[in-house]
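In: The following block contains a protein sequence and its predicted model.
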Amino acid sequence: MVHDAAVAKHNRLSKRHSGLREKCHTFFKRGILTKISSALVIIFILIAIFCPYLTPYTPYEQSLRNKLKPWSKEHWLGTDNLGRDVLTRVLYGARISIVTGVLSSLWAAVVGAALGLTAGYSRGFLGSFLMRLTDAHLSIPPLILVMVLAPIFGRTILGISIVIGISAIPSYVRMVYGQVLSLRENDYVTAASVIGQSNFKILLKHLLPNCIPVVIVMFTSNVSTAITIEANLAYIGIGIRPPTPAWGVMISEGYNYLVSYPHLAIAPGIMLMLLIISLNVVGDGIRDVIDPRLRGKL
Amino acid sequence: MSGNMAVYILKRILIAILIVFLVSVFAKALMHMLPGDPVRLAMGFEAKEEDVEAFRVRMNLDKPIHMQYILWVKGLFKGDMGWSVLYDRPNRDIFAERLPRSIAIGLPAVIISSVFAIIFGIICAVNRGKWSDQIITFLMTLGLGTPVFWLGIFGIYIFAIRLRVLPIQGFTSPFVNFGEYVRKAILPVACMSIPMIAGVARQTRTNMLDAINQDYVRTARAYGISERKIQMKYALKNALIPVVTIIGLQLRIVIGGSVLIENVFNIPGIGSLLVTAINNRDYFVVQNAVLLISIFTVSVNLLVDILYGFIDPKIRLERKGG
């Protein structure tokens, strides 16, 4: 009787951890902010995909006769100093931010997880050398590192995403390294090693799958950081090259007209802020669902 | 015991030196990876070939890369940071002139934000789930998500352009005119503090909640010690240890993290120097700035590590292997 109850409880618990529906439930139970943020993230993704169909203009179309016009029926947010439609550029900005953010987090996740696995599993010189390199990497603030590296890889979306990805690698290495160190002590790893499985196979089959949740959590929190860095770079004029409609570029150009045309800088800024905040909130939610123990570490 | 501690400290120092060495190699190697010829850019494209060559020799650029590296590091030990091609002045003078300005903005920001962050974090943890916690947590989410440079522009728009209560930008040394310094520093310091407050407060809240759930707190409660005393005396002490590390790391913002704020508010500090140097390919400034920032971070980490070793013997043992 008692045993049955224990089994039932165990089943219920394990089900709670596996069911996607249960996970969604925990996610949305976090409150109204999580719901609004998820909706916003979805809207931003839709904007990024469908922006060419949302507006009759292109972000590069100049019309010097119509420059710095206030809002009107044709131009909902007016036009900028070159007569380009501000709303169009703001919408296309979502595409650039999201693509750069996702790409750079992807590079960092793949390289960082691989290095972290290697460092964590190989005892001795290689492991400690990799960790010292990571320490050195971490001693330069990410923005400074990205600023210095940006001219090497070119100021395109791909180049900037690689550079931002490089700056995010050490946090993955550290996290996966810590994870592997604790996983390695598990009996199943020892067992696999005893029955003669190769190190590479153990890494790939036993350690990697157990690191994936951590990497997913880091990935989601990393996208918003990457977007912030991209905007920072574009703002100081080392990031994606104008006239590409990156929000940072628009804010920096709009800053010159702040007294008379504040919306040129304020509008892309609000979009950027909304995207980053909603990504942060969604990231926190995903972390709580996948692994609540990571709270405070990320 | 003391021998153990000495070994621990020595090991930390050696690792710190290794890290700084790796960064210095990276900084020098960058010069060869970056596109563009700094000498050409500095002298203009009309300059005569022999003048350019003479300048190249003067800057040691004609020597192989490892010799350049050795000469640079040798100079550093003698207090010579090399010559800036962009400003045509010794780097040491440029840094000496600009560093105090960055500190004058960055240090108040770190101090103010640490105080506010810890207070907010405690308020949240003690009132967990109540409206005060929810409001502060929401504000922290906003603070963490707002890009610093946009916050600065927004602040300028509201306080300088609309309300006209603060100057738009610029910097005055506090030793020249303190009143003017305060008026010009309010906005940049505030904009720099807000994300730091949000980050550190969040960490304090998490740590404080962890500490409140520990066994020793339950024991203290069982002894009948008042809840307030438990929170302030026992939980807070343990919650603040990791927070001190984070505040220590914020200190590096004083040197290099202020790039954006200095750009928005037109403050001629280290951050804006770095942007100008990168845009003009003045690698001699860039390599020194990167190394300086890294040395600062590593020293702060080293201090924190050593302090931890004294506070918590467990850490000393744990990190022995690493």
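Out: Structure received.
In: Where does A:E61 sit: helix, strand or coil?
Out: Three-state call for A:E61 (DSSP: H, G, I helix; E, B strand; the rest coil): coil.
In: Give me the pLDDT value at it.
Out: pLDDT recorded at A:E61 is 78.
In: Same check on A:A246?
Out: 91.
In: Next, the contact list for B:N207, please.
Out: A:G296, B:G121, B:N238, B:A239, B:L240, B:P242, B:V243 (C-beta atoms under 8 Å, 6 or more residues apart in numbering or on different chains). C-beta: built from backbone N, CA, C; applies to glycine.
In: Which PyMOL command selects the buried ones in the residues you listed?
Out: Applying 16 or more other C-beta atoms under 10 Å in any protein chain shown to the contacts of B:N207 leaves a buried subset, and the PyMOL line that selects it is:
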select buried, chain B and resi 121+238+239+240+242+243
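In: now, which of the contacts of B:N207 sits nearest B:A104?
Out: Taking C-beta to C-beta as the measure, B:V243 is the one of the contacts of B:N207 closest to B:A104, at 24.8 Å.
In: Any idea how far the helix or strand hosting the closest one is from the middle of the chain?
Out: For B:V243, the element it lies in under DSSP states H and E is helix B:236-250. Centroid separation for helix B:236-250 versus its chain: 15 Å, with C-alpha atoms, centre = their mean, to the nearest Å.
In: List of residues touching that helix?
Out: Residues outside helix B:236-250 that contact it (C-beta under 8 Å, 6+ apart): B:110, B:113-114, B:117-118, B:121-122, B:125, B:196, B:199-200, B:203-204, B:207-208, B:210-211, B:214, B:297, B:300-301, B:303-304, B:307-308, B:311-312.
In: and with 7 Å instead?
Out: B:110, B:114, B:118, B:122, B:196, B:200, B:203-204, B:207-208, B:211, B:300, B:304, B:311 (C-beta atoms under 7 Å, 6 or more residues apart in numbering or on different chains).
In: burial count for B:S258?
Out: With neighbours defined by other C-beta atoms under 10 Å in any protein chain shown, the count for B:S258 comes to 26.
In: So B:R101 versus chain A, what's the distance?
Out: Going from B:R101 to chain A by C-beta to the nearest C-beta, to the nearest Å gives 17 Å.
In: Poorly predicted segments of the stretch 51-200 of chain A, please.
Out: A:123 (pLDDT under 70).
In: Scan chain A for its longest helix.
Out: helix A:86-121 (DSSP state H).
In: Buried subset of the contacts of helix B:236-250 as a PyMOL selection?
Out: In PyMOL, a selection of the buried entries from those looks like this (16+ other C-beta under 10 Å):
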select buried, chain B and resi 110+114+118+122+196+200+203+204+207+208+211+300+304
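In: ok, residue 129 - how many residues close by?
Out: Chain wasn't specified; assuming chain A. 14.
In: That was the other one, I meant chain B.
Out: B:G129, neighbours per other C-beta under 10 Å, totals 9.
In: So it: helix, strand or coil?
Out: coil.
In: May I have the phi/psi pair for it?
Out: When read as degrees, to the nearest 10, the backbone of B:G129 gives phi 80, psi -20.
In: what pLDDT does the closest residue to chain A within the stretch 201-322 of chain B get?
Out: As assessed by C-beta to the nearest C-beta, chain A sits closest to B:T206 within the stretch 201-322 of chain B, at 3.6 Å. If you check B:T206, the pLDDT there is 85.
In: in which helix or strand would I find the closest residue to A:A265 other than its chain neighbours?
Out: Ranked by C-beta to C-beta, 6 or more residues apart in numbering or on different chains and with sequence neighbours excluded, the top spatial neighbour of A:A265 is A:G254, at 3.2 Å. Element membership for A:G254, per DSSP H and E: helix A:247-255.
In: can you check B:N288 too?
Out: Here B:N288 is covered by helix B:283-311, with elements defined by DSSP H and E.
In: still on that earlier bit, for the following helix or strand past the helix holding B:V243, packing partners?
Out: Beyond helix B:236-250 on the C-terminal side, the first helix or strand identified by DSSP H and E is helix B:252. Applying 3 or more C-beta pairs under 7 Å, 6 or more residues apart in numbering or on different chains; DSSP states H and E, we find helix B:252 packed against helix B:283-311.
In: what angle separates the helix it packs on from helix B:236-250?
Out: Angle of helix B:283-311 versus helix B:236-250, following axes from the mean of the first three to the mean of the last three C-alpha atoms, to 10 degrees, is 170 degrees.
In: about what we covered before: report how many residues lie close to the residue nearest to A:A265.
Out: By the criterion of other C-beta under 10 Å, A:G254 has 22 neighbours.
In: Just confirm it contacts A:G269, I think it does.
Out: No: using C-beta atoms under 7 Å as the test, A:G254 is too far from A:G269 to be in contact (8.4 Å).
In: excluding its backbone neighbours, what's nearest the residue of the stretch 51-200 of chain A found nearest chain B?
Out: Using C-beta to the nearest C-beta, the single residue of the stretch 51-200 of chain A nearest to chain B is A:A136, 3.9 Å away. Nearest residue to A:A136, sequence neighbours excluded (C-beta to C-beta, 6+ apart): B:L22, at 3.9 Å.
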